[in-house]
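Undergrad: Please work out how this folds:
(one chain, ligands or ions: 2)
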Amino acid sequence: MSNSELIKKIPKAELHLHIEGTLEPKMVFQLAERNNIKLPYANAQELAAKYNFSDLQSFLDLYYQATDVLQTEQDFFDLTWAYLEHCAEDNVVHCEIFFDPQSHTSRGVPFADVIQGIHKALVAGEEKLGITSQLILCFLRHLPEEDALKTWDEAQPWLSLISGVGLDSSERDFPPNLFANVFAKAKEAGLKLVAHAGEEGPAQYIEQALDILKIDRIDHGVRITESDELMDRVAKDNIALTVCPLSNVRLCVYSQMQEHPLLELLDRGLRVMINSDDPAYFGGYMNQNFHAVDEALNPSKEQIILLAKNSILASFLTDQEKQTWLDKIDSVAQSN
Ligand SMILES: Nc1ncnc2[nH]cnc12
Ligand SMILES: [Zn+2]
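TA: Ligands and ions are numbered 1, 2, ... in the order given. Predicted coordinates for the structure are as follows:
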């Protein structure tokens, strides 16, 4: 089997995916029309032509602007359903999805509409496509912790639909320790904890996220390469890094995919896997990320299999569910 076939056939989980980052230019225009919103672009091509980013902030400015078209429960349902169809195509069998409630509630969209739209699509995804999922509420770190605490209060009636909390948005100058209180509350409530750290920010932010926020999994984390000591610690403790190769290149963390440290991290024993982050903006969904890595870094079959296994191992599935998928991965890997 070629690497390309293996990538298509192998079951995998996606653990780093912002649902708002799946809003394709075409859907921006469809929703703008449905919701009577005037956009500052003539058409979807003109909007897509702006997707030329110099860093994280240049992307976030456009990303938050585009989310304005998401207004109703139906919009959130349609957005999530479209993503699940991509999962089905790419053999993503389980996904753990981020959503940013503050970017919607700040515009007057009720929290209930956001979460119910997403949740109903996830339920339909399991029924109709056999894809399992979990939901992770992300706090926006460019806003004060007070705002995150208000969002945490708003989330209380919906905690049964949420598996974890995360931390995203502008990383530089917004270290994890600013969010110690809200993460402590989420931990107390028994939720899983994740945080973007070491995407653009320094390796110390990864350390803070582990030591102060007590996170279970690191999002991005690629700047861990700056600290041998931290790499050893994270490998020893089996803390996973949800790496996003196309995102890192499109946001200029690396100037080209050939420079990406994914395989070095994997060979060093870190639990890394491939994710798409904001696929509508960065050039592709799960398998496009795998193919880009395959082309630039020339991984072995064993490395591709390990990346898929790590996606399952680092997920918040039960041990039994994990074992079922690991066995399926082995059987696909052994079939020629
Ligand atoms: N790559 C990313 N980093 C931080 N915040 C984000 N929000 C959406 N995508 C993000
Ligand atoms: Zn992200």
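Undergrad: Confirm for me that Ala13 is in contact with Asp90.
TA: No: with contacts counted by Cβ atoms under 8 Å, Ala13 stays clear of Asp90, the gap being 11.2 Å. Yep, even glycine has a C-beta here, placed from its N, CA and C like the rest.
Undergrad: which of these two has more neighbours?
TA: More neighbours surround Ala13 than the other of Ala13 and Asp90, with 29 against 21 (other Cβ atoms under 10 Å).
Undergrad: what's the helix or strand for that one?
TA: Using DSSP states H and E, Ala13 sits within strand 12-18.
Undergrad: tell me what the helix or strand Asn181 falls within is packed against?
TA: Under the criterion of DSSP H and E, Asn181 resides in helix 180-188. Helices and strands touching helix 180-188, by 3 or more Cβ pairs under 8 Å, 6 or more residues apart in numbering; DSSP states H and E, are helix 145-155, strand 164-168, strand 192-197.
Undergrad: Report the distance from it to the chain centre.
TA: 21 Å (Cα atoms, centre = their mean, to the nearest Å).
Undergrad: circling back to that earlier point, as a whole number, average confidence for the strand holding Ala13?
TA: Strand 12-18 shows a mean pLDDT of 98.
Undergrad: so what's Asn181 up against?
TA: Glu145, Leu149 (Cβ atoms under 8 Å, 6 or more residues apart in numbering).
Undergrad: quick one on the thing from earlier: so which of the helices and strands packed on helix 180-188 gets nearest ligand 1?
TA: Taking Cβ to the nearest ligand atom, strand 164-168 is the member of these nearest to ligand 1, at 3.5 Å.
Undergrad: gap between Ala209 and ligand 1?
TA: Ala209 is 13 Å from ligand 1, where distance means Cβ to the nearest ligand atom, to the nearest Å.
Undergrad: Which phi and psi values does that residue adopt?
TA: Here is the backbone geometry of Ala209 (degrees, to the nearest 10): phi -60, psi -40.
Undergrad: And it, how close does it get to Asp237?
TA: Separation of Ala209 from Asp237 (Cβ to Cβ, to the nearest Å) stands at 13 Å.
Undergrad: Tell me which of those two has more neighbours.
TA: Neighbour count, other Cβ under 10 Å: between Ala209 and Asp237, Ala209 has more, with 29 against 9.
Undergrad: The more buried one against Ala195, yeah?
TA: Yes: the criterion here is Cβ under 8 Å, and Ala209 meets it with Ala195 at 4.3 Å.
Undergrad: Give me the below-cutoff pLDDT ranges for this protein.
TA: Applying pLDDT under 70 to the chain picks out residues 336.
Undergrad: how about the residues of it near ligand 1?
TA: His18, Gly21, Leu56, Asp168, Ser169, His196, Glu199, Ser247, Asp277, Asp278 (Cβ under 6 Å from any ligand atom).
Undergrad: could you redo the last one with a cut-off of 5 Å?
TA: Those residues of the chain that sit near ligand 1, judged by Cβ under 5 Å from any ligand atom, are His18, Asp168, Ser169, His196, Asp277, Asp278.
Undergrad: Verify the stated contact: the third one with Leu178.
TA: When you say that, I think you mean Ser169. No: using Cβ under 8 Å as the test, Ser169 is too far from Leu178 to be in contact (11.8 Å).
Undergrad: what residues are shared contacts of these two?
TA: By Cβ under 8 Å, 6+ apart, the residues touching both Ser169 and Leu178 are Arg141.
Undergrad: before we move on, the earlier item: columns mean neighbour count on top of the helices and strands packed on helix 180-188, output as CSV?
TA: Output for the helices and strands packed on helix 180-188, formatted as CSV (neighbours: other Cβ atoms under 10 Å):
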stretch, mean neighbour count
helix 145-155, 17
strand 164-168, 25
strand 192-197, 26
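Undergrad: Which one of those lies nearest to Ala49?
TA: strand 164-168 (25.4 Å; Cβ to Cβ).
Undergrad: could you give the angle of the strand holding Ala13 to strand 192-197?
TA: 60 degrees (axes from the mean of the first three to the mean of the last three Cα atoms, to 10 degrees).
Undergrad: quick one: buried residues of the helix or strand following strand 12-18?
TA: Remark: after strand 12-18, the chain's next helix or strand is helix 25-34, criterion DSSP H and E. By neighbour count with 16 or more other Cβ atoms under 10 Å, helix 25-34 contains the buried residues Pro25, Met27, Val28, Phe29, Leu31, Ala32.
Undergrad: Nice, that's everything, thank you.
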